[in-house]
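**Student:** No sequence on hand, only this structure:
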């Protein structure tokens, strides 16, 4: 099954997206963190991608390597060899975490590790780089196992997506803002594009419930983040850890079927239990 088929399967439980791999026991965005997500049996892992000065790709979230590798340099100013020799600090980095034996991985290494083992949400930090990353994914035979992501707020965004990504048949996820003044326009653009999945930014759960039936009718899955730093409306991982039904449960009931989290095992257990309970109740 390819990534699009997986996302479009109406009978699956809520999909769990492992944020930067299992970084609580390994450096974020490291091969070890990704390998542990695979070993735990998860379906999707999120990674952050940046381009080096010599046109290669490495995994890093921040603009510089300071937090994760102790260097103030930007990967865009370094060669692949220079970046990938740097050792990563444990967990989410910073001076409080020790240097490990893990090094900054190349995207090629990641694709070799993940091929046919886990789907990848590619957070490519500069949109203009997406075509090059797409070409690499095609060359390595993983283009049906990854997704690409970008904002969809204007007709110009829609034209770019159709021209650059559309012809290649890869899974693309637009991000739309239900809490924006032009939310109605953004929604029109999403339904014009008709992707398999869409990320939502919102203020209240009512923002989602007001449009969830329209998305369901169009066969578009809804994706939300509960990551503490970017979660909307107080629907955070921290709150979900204390009361999963009040956070993840309400999102799922509102029509959300893909959630990115730093507590992947907890969310999967919760979503699986809910799906099993629903099936037993229905039977």
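**Tutor:** Perfect, I can see it now. Values in this document were obtained by computation on a predicted structure and should not be read as measured data.
**Student:** Show me which positions of stretch 111-126 end up buried.
**Tutor:** For stretch 111-126, a neighbour-count test (16 or more other CB atoms under 10 Å) marks 111, 114, 118, 119, 120, 121, 122, 123, 124 as buried. Placement of C-beta: from N, CA and C, glycine included.
**Student:** Specify which member of those residues is nearest to residue 34.
**Tutor:** residue 114 (6.6 Å; CB to CB).
**Student:** Chain neighbours aside, what residue packs nearest to that closest one?
**Tutor:** Among residues not flanking residue 114 along the chain, residue 120 sits closest, at 5.8 Å (CB to CB, 6 or more residues apart in numbering).
**Student:** in which helix or strand would I find that neighbour?
**Tutor:** Assigned by DSSP states H and E, residue 120 belongs to strand 119-124.
**Student:** Could you identify the helix or strand that succeeds that strand?
**Tutor:** Next in sequence after strand 119-124, counting helices and strands by DSSP H and E, comes helix 130-139.
**Student:** Quick one: distance of the helix or strand just after that next one to the chain centre.
**Tutor:** Later in the chain than helix 130-139, the nearest helix or strand by DSSP H and E is strand 146-151. For strand 146-151, the gap between its own C-alpha mean and the chain's C-alpha mean amounts to 8 Å (CA atoms, centre = their mean, to the nearest Å).
**Student:** check contacts around residue 149.
**Tutor:** Residues counted as contacts of residue 149 (CB atoms under 8 Å, 6 or more residues apart in numbering) are 121, 122, 123, 124, 172, 173, 174, 175, 199.
**Student:** hmm, try it at 10 Å
**Tutor:** Taking CB atoms under 10 Å, 6 or more residues apart in numbering, we find residue 149 in contact with 46, 121-124, 127, 130, 171-175, 197, 199, 223.
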